[in-house]
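# Need a 3D model of the following:
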Amino acid sequence: MTGLLSLSCGTSSHAMLELSAPATVVAGVPFTVTVTAIYNGQRDTMINGPVHFTSSDPDAAIPTLYVFTAADAGSHTFTNALTLMTPGSQTLTVSDYDATPIAGTANILVTSSSAASNDQGLSKCDLSKLRNAAFGGFAFDDACAHGPHACAADCADDPPTTADNNSGPEPNARPLVKSSSRIELTDLNRDIYYRNKLEFSLEGGWLPLNVPFPFDVFEGDPYNLYPLRYTLVPIIGSLRWHVDGASGPLILRGNWDVTFSGSATAIPKGAETHYFSYDMGIRRNFVPRNSRVAPYFDIRLGLGIINAKGPLGVYYAQGQNFTFTCNMGSGVRYNFNPRYAISAGLNWMHISNANLSSPQYSNYGINVYGPMFGLDVQLGRHSRHGVY
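This is a model prediction of the structure:
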């Protein structure tokens, strides 16, 4: 008679790994386990990322890393792929390679080869003691179905046996059951910031504040403002690719995302009237545990086209149509849920032609900053285990 012991924490509304393993194994003999990914209480058939095994047995022979495939459909059986070597109570844990709080743990009793077949003639009571010692007092056969006290009563009526007793194994002894342990995802941000998540981002800004070029010091130029002032209104559409999950110590904990953007910028104040660019950037999200608010810092570089007025004789206007652009910003992102988020912050935007128009036309450049607001929407089906 076999069964399952399930240990879980909290509700089943997040991601879990379920580990099914035999409750007793023989030292040095391979055994089989099954790992199943659970999301919102159902098997996660979309998982195709890595998990790894660890054990309290320092001499264990276990897989170090396994990557789920589409054929697994969320569950994989490791047939005779694991071996524990040290007799006694051991633990076996399978964990999400990138989010270790997502894990499953099984307690396993490792017996020596001589004890495995009960050649020493252990009684029902002795077997019950062994099982209960390994699993912290939980009873696993009918002899102790009502707890350790019931087992103690059986022990009082059970005569001692020794290794010289050749009566064979206790006929009523039951095999140890399989054990399954599940630990719930405890950080809601594991569902939001994870490797290979894709989002569409739409941002808009109002940048009316003119400033000197911040990097003039590296060019040997003085910090100064030109008489011609600009206001830029950028609209940026981006594909945002999260390249990793949230990790790191304390306030530095977070993840990186990369953006591929196209922008259209209106120029309500200034010599020119519009600007179009293609930009690529990187953002660091600083992700506190279980917080919907995440500060960020980002930088974007790109190439663009502006309707330059410098060649038409407008002083301090741009010297040619082809330009380079740089954006640097910081702010906070607020996550409503894993699919939708908004952001708000300040952004500095620079446009210039890197002196390519010189000496015929001067390169004055544009340097403005102001508020920027954004909306992020996840692309595709939401699944924390979609890709790791």
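# I'd assumed L198 was in contact with G380.
Yes. In terms of C-beta atoms under 8 Å, G380 counts as a neighbour of L198; the distance is 6.5 Å. The way it works is simple: take the backbone N, C-alpha and C, and place the C-beta from them, glycine included.
# which ones are touching L207?
231-234, 347, 349, 368-370, 372 (C-beta atoms under 8 Å, 6 or more residues apart in numbering).
# hmm, try it at 10 Å
L207 makes contact with 230-234, 265, 327, 346-349, 366-372, according to C-beta atoms under 10 Å, 6 or more residues apart in numbering.
# Could you do S95 as well?
By C-beta under 10 Å, 6+ apart, S95 lies in contact with 17, 19, 50-54, 101-105, 183.
# again, only this time at 8 Å
Applying C-beta under 8 Å, 6+ apart, we find S95 in contact with 17, 51-54, 102-103.
# Dump those into CSV; add neighbour count as well.
Below are the contacts of S95 laid out as CSV (neighbours: other C-beta atoms under 10 Å):
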residue, neighbour count
L17, 25
V51, 25
H52, 16
F53, 20
T54, 16
I102, 26
A103, 21
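# ok, of those, which one's closest to D244?
Among these, I102 lies closest to D244 (C-beta to C-beta), at 15.3 Å.
# Drop anything exposed from the contacts of L207.
230-234, 265, 327, 347-349, 366-372 (16 or more other C-beta atoms under 10 Å).
# Which of the residues you listed fall within strands?
231-234, 265, 327, 347-349, 366-372 (DSSP state E).
# and the two most separated of these?
The most widely separated members of those are I366 and P371, with 17.4 Å between them, by C-beta to C-beta.
# give me the number of residues near T86?
The number of residues packed near T86 is 15, by other C-beta atoms under 10 Å.
# next one: stretch 45-52 to chain centre, how far?
Its chain's C-alpha centre and that of stretch 45-52 lie 12 Å apart, by C-alpha atoms, centre = their mean, to the nearest Å.
# How is the protein divided into domains?
Following automatic domain parsing, the chain resolves into domains at 4-181, 191-378.
# lowest-confidence stretch among those?
Ranked by mean pLDDT, the domains of the chain bottom out at domain 4-181, with a mean of 68.
# Show me where the stretch 201-350 of the chain has its helices.
Secondary structure of the stretch 201-350 of the chain (DSSP state H, counting those that start in this stretch): helices at 216-219.
# rewinding a little: just the ones of the contacts of S95 in helices?
Per DSSP state H, helices hold no members of these.
# So which of those is the closest to N224?
Once C-beta to C-beta is applied, the member of those that ends up nearest N224 is I102, at 54.8 Å.
# Does the closest one touch V94 like I think?
No. Assessed by C-beta under 8 Å, I102 is found out of contact with V94, at 9.5 Å.
# ok, now how distant is M46 from F53?
22 Å (C-beta to C-beta, to the nearest Å).
# Same check on T24?
Counting by C-beta to C-beta - T24 and F53 are separated by 18 Å.
# Also S291?
Relative to F53, and taking C-beta to C-beta, S291 is found at 31 Å.
# tell me the SS of the residue nearest to F324 when sequence neighbours are not counted?
Nearest non-adjacent residue to F324, counting by C-beta to C-beta, 6 or more residues apart in numbering: A354, 5.6 Å away. State at A354, reduced to three classes by DSSP: H, G, I helix; E, B strand; the rest coil: coil.
# and A354, how many neighbours does it have?
11.
# Ok, T325 next?
The number of residues packed near T325 is 22, by other C-beta under 10 Å.
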